[in-house]
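Asks: Attaching a predicted model along with its sequence, questions to come.
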Amino acid sequence: MCERIQAIRIAIFVVIGVIIVTMALAMEWHDRKRGIDMKSSESFFEICRSVSKPFSRLILLGSCGVVVLFVSLFVLTLWGKTQGCMFPTRNGGTW
């Protein structure tokens, strides 16, 4: 059972990474399409003003989805700990 929980945790991390990269690429594509320079501080307000509804829904769905996945990952980890699973960390310890 612990191996299955670990596999699910890894899959959730991968999905979170894919969502974040997709959102970053979509924002970059949107900025280039609109000719917005991301190096200035005023560009943030310009982005907020010029966002279309489908694009804002994509970003909002991605942001909320990442939060939900992080919470589910935390809950899954805590549940696995109550079942006796030990999840190794990079420095050799366990969490």
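Replies: Thanks, I have the structure now.
Asks: Following the chain past the helix or strand of the chain with the lowest mean pLDDT, name the next helix or strand.
Replies: Lowest on mean pLDDT, DSSP states H and E among the helices and strands of the chain sits helix 42-50, with a mean of 66. Using DSSP states H and E, the helix or strand that follows helix 42-50 towards the C-terminus is helix 53-82.
Asks: for that next one, packing partners?
Replies: Contacts defined by 3 or more Cβ pairs under 8 Å, 6 or more residues apart in numbering; DSSP states H and E place helix 53-82 against helix 2-34. Heads up, the C-betas are built off the backbone N, CA and C, glycines and all.
Asks: Now the spatially most distant residue from the centre of the chain: phi and psi?
Replies: Distance from the C-alpha centroid of the chain, by Cα atoms, centre = their mean, peaks at G84 (27.7 Å). Main-chain dihedrals, G84, degrees, to the nearest 10: phi 100, psi 10.
Asks: pLDDT wise, what is it at?
Replies: Here, the pLDDT recorded for G84 equals 86.
Asks: One more: the one 3 residues further on?
Replies: Among the per-residue scores, F87 holds a pLDDT of 77.
Asks: Test my guess that it contacts I8.
Replies: No. Assessed by Cβ atoms under 8 Å, F87 is found out of contact with I8, at 11.6 Å.
Asks: Next, count neighbours for G80.
Replies: By other Cβ atoms under 10 Å, the residues close to G80 number 19.
Asks: Quick check: closest non-adjacent residue to it.
Replies: Residue nearest to G80 in three dimensions, not counting chain neighbours: I5, with 4.3 Å by Cβ to Cβ, 6 or more residues apart in numbering.
Asks: so who does that neighbour touch?
Replies: By Cβ atoms under 8 Å, 6 or more residues apart in numbering, the contact set of I5 is L76, W79, G80, Q83, C85.
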